[in-house]
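**Student:** One predicted model, sequence on top.
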Amino acid sequence: MKFRYIAGAVALALSLAACGSSQPATKAAESADTVLKVGASPVPHAEILNFVKQNLAPAAGLKLEIVEFTDYVQPNVQLDEGQLSANFFQHKPYLDDFNASKGTKLTFVTPVHLEPLGLYSKKITSVSALAGGATVAVPNDATNLGRALKLLADNGLVKLKDGVGTAATERDVVDNPKKLQFKPLEAAQLPRSLEDVDAAVINGNYAIEAGLKPASQALVLEKTEGNPYVNGLVVKAGHEKDANIVTLGKLLQDQKVKDFIKQKYEGSVIPAE
């Protein structure tokens, strides 16, 4: 009888394990639930997240899985589809435009840093040297195109229709004294275009990734004061107050992160205040 009791107990234990009912399996599932999968551009976003992951997250009880993207579309698509817990690569004007055009419901949670947009060239060393009819590459997405044209307008290269601001398109250029030719390209391609164009307006993250130094190499650089293009943490609507998202948001705004940004990027990336 004793043998039968032991055999029955073993069979019951094996049955529970097969059904996923053992205590270790439950603990493993709970542990997996604490992992945040965050999509990010490689530079500087993933670098900042890796700093948080290595230096701040363990003490906060947070586990991060960082997924890198080289474009501005898939991080939002995968967040909307539930493949990501959050993403960190974009500013709010881009997010608003993406939501409006794609019908997504993604929410900006925490501002982290600003990457000033800049005008770069391998052929000239000053804006005044741009020749008549010069070709200038610009981002082809709506928000960054308007931002690029505003940068050119702020530096006297073009004049935009009154009141259009950062919503500008090429049709809003009302005066173009140098008769500049605009070449819209996907933002990630802009650094590579420098060999083929006279100048290019490049997003800060792609400039840094290409080895450019915005603070010293840009012919002109976006002003930071009152700038709406601060990059930050984004989640799917309804998850803004999830405990792990709130924790990550606080870590990204920690003074140690601000100091890391200042020291590593030397003015090419500016922490949000």
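**Tutor:** Thanks, I have the structure now.

**Student:** just the helices in the stretch 1-150 of the chain please.
**Tutor:** Counting by DSSP state H, counting those that start in this stretch, the stretch 1-150 of the chain has these helices, from start to end: 2-18, 23-33, 47-55, 57-60, 74-80, 92-102, 142-154.

**Student:** and those helices, which one's lowest on average pLDDT?
**Tutor:** With a mean of 37, helix 23-33 has the lowest mean pLDDT of the helices of the stretch 1-150 of the chain.

**Student:** got the residue ranges for the strands in this structure?
**Tutor:** 35-40, 63-68, 86-91, 106-114, 118-120, 135-139, 159-160, 173-175, 181-185, 199-202, 220-221, 230-236, 270-271 (DSSP state E).

**Student:** what mean pLDDT would you report for the second one?
**Tutor:** Spelled out, it's strand 63-68. Mean predicted lDDT for strand 63-68 stands at 98.

**Student:** Buried residues, it. List them.
**Tutor:** Within strand 63-68, the residues that qualify as buried by neighbour count (16 or more other CB atoms under 10 Å) are 63, 64, 66, 67. All C-beta atoms are positioned from the backbone trio N, CA, C, and that covers glycine.

**Student:** Max pairwise distance over the residues you listed: which two?
**Tutor:** Greatest spatial distance among the buried residues of strand 63-68 (CB to CB): 63 and 67, at 13.8 Å.

**Student:** burial of residue 230, as a residue count?
**Tutor:** Neighbours of residue 230 under the rule other CB atoms under 10 Å: 20.

**Student:** residue contacts, it?
**Tutor:** 91, 92, 111, 112, 113, 114, 272 (CB atoms under 8 Å, 6 or more residues apart in numbering).

**Student:** Can you verify my assumption that residue 64 contacts residue 51?
**Tutor:** No. Taking contact to mean CB atoms under 8 Å, the distance of 10.7 Å between residue 64 and residue 51 leaves them out of contact.

**Student:** circling back: okay, the strands of the chain, which one's buried deepest?
**Tutor:** The highest mean neighbour count among the strands of the chain, using mean count of other CB atoms under 10 Å, belongs to strand 199-202: a mean of 28.
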